[in-house]
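Trainee: Take this sequence and fold it.
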Amino acid sequence: MSTKEPVRCNAEMPDYFDLDGLLTEDERQVRDTVARWVDERALPIIGPCFEAYRFPLELVPEMAELGIFGATLHDYGCAGLTNVAYGLVMQELERGDSGLRSFASVQNGLVMYPIHEYGSDEQKRRWLPAMAKAQAVGCFGLTEPDGGSDPGTMKTRARRVGNDWVISGAKIWITNGTLADVAVVWAMTDEGVRGFLVEKGTPGFTTREIEHKFSLRASITSELFFDECRVPDSARLPGAKGLGAPLSCLTQARYSIAWGALGAAQACYREVLAFARQRVLFGETLIHKQIIQQRLADMVRQITTGQLLVWQLGRLKDQGRMHHSQVSLAKWNNVRAALDIARVARDMLGANGISVECCSIRHMLNLESVVTYEGTETIHQLILGREITGVGAF
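Mentor: Residues are numbered from 1 along each chain as shown. Now for the predicted structure:
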């Protein structure tokens, strides 16, 4: 008979099924390093940034020093982390704020990934080392005003004129758009969808920040406009042919979101657990109330399920066996769980829950965007439905 002690829940993490024991020492070290940075550098300022509608750009060089940009790449000065380690980084960043994780997701999965996967050697040498060091920032232009969930109907066009391409159209809801030194822009051509690197300052290319948001206030969201914007053929991503190229980028971003949402959920859970331990109501602290225990238990259930889901997803990704529909399932499940947890936490905090001094309302508002971008719940349900039935029902 075994004499080993059973694994007990770490209520603060929470880590009910000992996910920590499934990680390598390097993965734990990466997570803990970023977690300390979030606690020391991001959390003290992120609430005021959200309130003031300001992205903390001063933190970006520090994120680069931590090796966050291009984290899973093994060349061009990048860290070469496992995908599980990268996921843990995204979890900790979003525990700080969705805006921090969004910045990193775009720089990594939506800009550095397509350049590394589809770019020329010259494009890789020029952009990837600079982006890894945060000496250059990128954005990803796919979504359009009239076709968010149906990118195949994009109206942005690129036509050949001699050895150049002339791009006309508009993109919307673009993270980092007004910050970006280069935009990865997807346009329809006579040969199908193609990707282009459009640099800031190119004639005919302008940006405008989207204001008056109630969500992702500590993040920059923009519109991109192309008015007969001329770029050389060397700006085209030579390996990006067809709609599958931008969709592969979305898979990378959705992977980071599936991990990141757990960070937001954990932040809300920890906040409300601490509150319940000290808040006295009807003569005893809230943790003595059955309904409070039931709600906390349900949060742990959802977080634990999500943790095991993304851990296995990351291992499959590291093995080259991950399918995009598995990412859809993880993004759908984990963001929905995080949003539900944030809403319940806000309610449990009572009137305190609407204050910027509490993180749950901020995470709740951010997650209303996260549940929508990089594929709505309906899109991910239909992706999974197509895999189950073999029939596309979009």
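Trainee: need the helix or strand of the chain with the lowest average pLDDT.
Mentor: Within the chain, no helix or strand scores below strand 280-281, which has a mean of 92 by mean pLDDT, DSSP states H and E.
Trainee: Give the other helices and strands that it contacts.
Mentor: Judged by 3 or more C-beta pairs under 8 Å, 6 or more residues apart in numbering; DSSP states H and E, strand 280-281 is in contact with no other helix or strand. Quick note: C-beta positions are derived from backbone N, CA and C, even for glycine.
Trainee: what about the helices in this structure?
Mentor: Taking DSSP state H as the test, the helices found in the chain are 25-37, 43-52, 60-65, 83-96, 98-105, 113-118, 121-132, 244-278, 290-318, 324-348, 360-370, 377-389.
Trainee: Which of the ones you listed sits closest to Phe214?
Mentor: Between Phe214 and the helices of the chain, the tightest spacing by C-beta to C-beta is seen for helix 360-370, at 5.9 Å.
Trainee: Can you check what angle separates that closest one from helix 244-278?
Mentor: Helix 360-370 runs at 160 degrees relative to helix 244-278, counting by axes from the mean of the first three to the mean of the last three C-alpha atoms, to 10 degrees.
Trainee: Flag the shaky bits of the stretch 1-150 of the chain, pLDDT-wise.
Mentor: Where the stretch 1-150 of the chain drops to pLDDT under 70, the residues are 1-3, 7-9.
Trainee: on that earlier part again, contacts for the least confident helix or strand of the chain?
Mentor: Contact with strand 280-281 is made by Leu286, Lys289, as judged by C-beta atoms under 8 Å, 6 or more residues apart in numbering.
Trainee: Just checking: what are the partner strands of it?
Mentor: In the sheet, strand 280-281 lines up against strand 284-285 (antiparallel) (DSSP bridges).
Trainee: can you give me the end-to-end distance of stretch 42-62?
Mentor: The first residue of stretch 42-62 is 10 Å away from its last residue (C-alpha to C-alpha, to the nearest Å).
Trainee: from the chain's centre, how far out does it sit?
Mentor: Centre-to-centre, stretch 42-62 and its host chain are 17 Å apart (C-alpha atoms, centre = their mean, to the nearest Å).
Trainee: Repeat that for stretch 131-149.
Mentor: 12 Å.
Trainee: ok, and for that stretch, which residues are buried?
Mentor: Across stretch 131-149, burial judged by 16 or more other C-beta atoms under 10 Å covers 131-132, 134, 136-144, 148.
Trainee: May I have that stretch exported as PDB, CA atoms only?
Mentor: C-alpha atoms of stretch 131-149 as PDB (Å, rounded to 0.1, in the frame of the first residue of the first chain):
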ATOM      1  CA  MET A 131      10.700  42.700 -32.700                       C
ATOM      2  CA  ALA A 132      12.300  40.300 -30.200                       C
ATOM      3  CA  LYS A 133      14.000  43.300 -28.600                       C
ATOM      4  CA  ALA A 134      10.900  45.500 -28.900                       C
ATOM      5  CA  GLN A 135      12.900  47.900 -31.200                       C
ATOM      6  CA  ALA A 136      10.000  47.400 -33.600                       C
ATOM      7  CA  VAL A 137       6.300  46.800 -33.000                       C
ATOM      8  CA  GLY A 138       3.800  45.200 -35.400                       C
ATOM      9  CA  CYS A 139       0.100  44.900 -35.900                       C
ATOM     10  CA  PHE A 140      -2.100  42.500 -37.900                       C
ATOM     11  CA  GLY A 141      -4.700  43.800 -40.400                       C
ATOM     12  CA  LEU A 142      -7.300  41.200 -41.300                       C
ATOM     13  CA  THR A 143     -10.700  42.300 -39.800                       C
ATOM     14  CA  GLU A 144     -12.700  44.700 -41.800                       C
ATOM     15  CA  PRO A 145     -15.700  46.900 -41.000                       C
ATOM     16  CA  ASP A 146     -18.100  44.700 -42.900                       C
ATOM     17  CA  GLY A 147     -16.700  41.200 -42.400                       C
ATOM     18  CA  GLY A 148     -15.300  40.300 -39.000                       C
ATOM     19  CA  SER A 149     -16.300  36.700 -38.900                       C
END
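Trainee: that older thread, figure out how far the least confident helix or strand of the chain is from the centre of its chain.
Mentor: 38 Å.
Trainee: what do you get for stretch 56-70?
Mentor: Offset of stretch 56-70 from its chain centre (C-alpha atoms, centre = their mean): 15 Å.
Trainee: Quick check: buried residues in that stretch?
Mentor: Across stretch 56-70, burial judged by 16+ other C-beta under 10 Å covers Pro56, Leu59, Val60, Met63, Ala64, Leu66, Gly67, Ile68, Phe69, Gly70.
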